[in-house]
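Peer 1: dropping the sequence and predicted coords here.
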Amino acid sequence: MNFDELLDAYRQGRADKDDLKRALLRETYIDAGMAKLDHRRAERTGCAEVVFCQGKTPEQVAEIMVRLAGQQPRVLGTRAAPAHAEAAAARLEVDYDPVSRLLSHTREAVKPRGKVVVLSAGTSDLPVAEEAAKTAEFLGSRVLRHFDCGVAGLHRLFPVIEELRDARAVICVAGMEGALASVAGGLCPAPVIAVPTSVGYGASFGGLAALLAMLNSCAPGVCTVNIDNGFGAGYLAHRMNTLAG
């Protein structure tokens, strides 16, 4: 029973105050043994709990996905390996994308809304860019992708500028020196979410150089997520897109 059903039962006299309190306390999470699953998160925040698959066994990921699927029509897993997808697919219908490493179960489609633009500096940034794009799409945002638009060939960004003007959020994914986010921040009115990637030679320090450059961006309106955190960028962009109407 969801929160609305519980409240209706209480109002109609089919449940007293103690019944309501017990039900609410009992249903705050699902205890799956190795994990406590927050299946009420969508009612609190608008977005359901997402499964971080990395570090979990295939069996654990499959069990978590099955438990969440019993409570909600859409389940998303990030940083999934093929073994996670295989174990989950043996128990429920799932989709797996090896580029973004996203694993999903969908019983109900959502109508895409708004506009989120995802830019990547280079093709090497594609896995992180796709994690961001597909996360935002899964949550219900309309996403436009433009890849290989980095500052090493800035003319490749020029045809995209008009599409940035009416975006509700722009995600910039870049490694090396991470300059793309500052360029985008100076061109578009939407908030820019900068995603540093671990792409680059030795002095990039696994994405640290791009992270520091993005944090020190001179363009106002640029916020930065962690290195290679495409999921965090896609989630944040969707929230911005939703708040914008």
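Peer 2: That came through, no problem.
Peer 1: looking at the chain, which helix or strand is least sure?
Peer 2: Every helix and strand in the chain was compared by mean pLDDT, DSSP states H and E; the lowest is helix 17-26, with a mean of 67.
Peer 1: what lines up beside the lengthiest strand in the chain in the sheet?
Peer 2: Ranked by number of residues, the top strand in the chain under DSSP state E is strand 113-120. Neighbouring strands of strand 113-120 in its sheet, by DSSP bridges, are strand 141-146 (parallel), strand 169-174 (parallel).
Peer 1: and these, which is most packed in?
Peer 2: Stretch with highest mean neighbour count among the strands paired with strand 113-120: strand 169-174 (a mean of 32; mean count of other Cβ atoms under 10 Å). Placement of C-beta: from N, CA and C, glycine included.
Peer 1: gap between the helix or strand following the longest strand of the chain and the chain center?
Peer 2: Scanning forward in sequence from strand 113-120 by DSSP states H and E, the next helix or strand is helix 126-139. Taking the mean of its C-alpha atoms, helix 126-139 sits 7 Å from the chain's own mean (Cα atoms, centre = their mean, to the nearest Å).
Peer 1: helix 126-139 to strand 113-120, inter-axis angle?
Peer 2: 170 degrees (axes from the mean of the first three to the mean of the last three Cα atoms, to 10 degrees).
Peer 1: using PDB, write out every CA atom in helix 126-139.
Peer 2: Written as PDB, here are the backbone C-alpha positions of helix 126-139 (Å, rounded to 0.1, in the frame of the first residue of the first chain):
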ATOM      1  CA  LEU A 126      31.700   8.700 -24.400                       C
ATOM      2  CA  PRO A 127      31.100   6.100 -21.600                       C
ATOM      3  CA  VAL A 128      30.700   8.800 -19.000                       C
ATOM      4  CA  ALA A 129      28.600  11.000 -21.400                       C
ATOM      5  CA  GLU A 130      26.300   8.100 -22.200                       C
ATOM      6  CA  GLU A 131      25.900   7.300 -18.500                       C
ATOM      7  CA  ALA A 132      24.800  10.900 -17.900                       C
ATOM      8  CA  ALA A 133      22.500  11.000 -21.000                       C
ATOM      9  CA  LYS A 134      20.800   7.600 -20.400                       C
ATOM     10  CA  THR A 135      20.300   8.400 -16.700                       C
ATOM     11  CA  ALA A 136      18.500  11.600 -17.500                       C
ATOM     12  CA  GLU A 137      16.500   9.800 -20.200                       C
ATOM     13  CA  PHE A 138      15.500   7.000 -17.800                       C
ATOM     14  CA  LEU A 139      14.300   9.500 -15.300                       C
END
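Peer 1: now mean pLDDT too, for the strands paired with strand 113-120, in a markdown table please.
Peer 2: A markdown table is the format used below for these (pLDDT from 0 to 100):
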| stretch | mean pLDDT |
| --- | --- |
| strand 141-146 | 96 |
| strand 169-174 | 97 |
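Peer 1: just send those back as TSV, with distance to residue 239 too.
Peer 2: Listed next are the strands paired with strand 113-120 as TSV, based on distance: least, Cβ to Cβ, whole Å:
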stretch	distance to residue 239
strand 141-146	9
strand 169-174	9
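Peer 1: now the phi/psi pair for residue 148, please.
Peer 2: Here is the backbone geometry of residue 148 (degrees, to the nearest 10): phi 60, psi 50.
Peer 1: contacts only, for it.
Peer 2: Shown in contact with residue 148 (Cβ atoms under 8 Å, 6 or more residues apart in numbering): 120, 121, 122, 123, 156.
Peer 1: and the residues you listed, which of them are buried?
Peer 2: With neighbours counted using 16 or more other Cβ atoms under 10 Å, the contacts of residue 148 contain these buried positions: 120, 121, 122.
Peer 1: distance-wise, check the second one relative to residue 106.
Peer 2: By that I understand residue 121. Per Cβ to Cβ, to the nearest Å, residue 121 is found 31 Å from residue 106.
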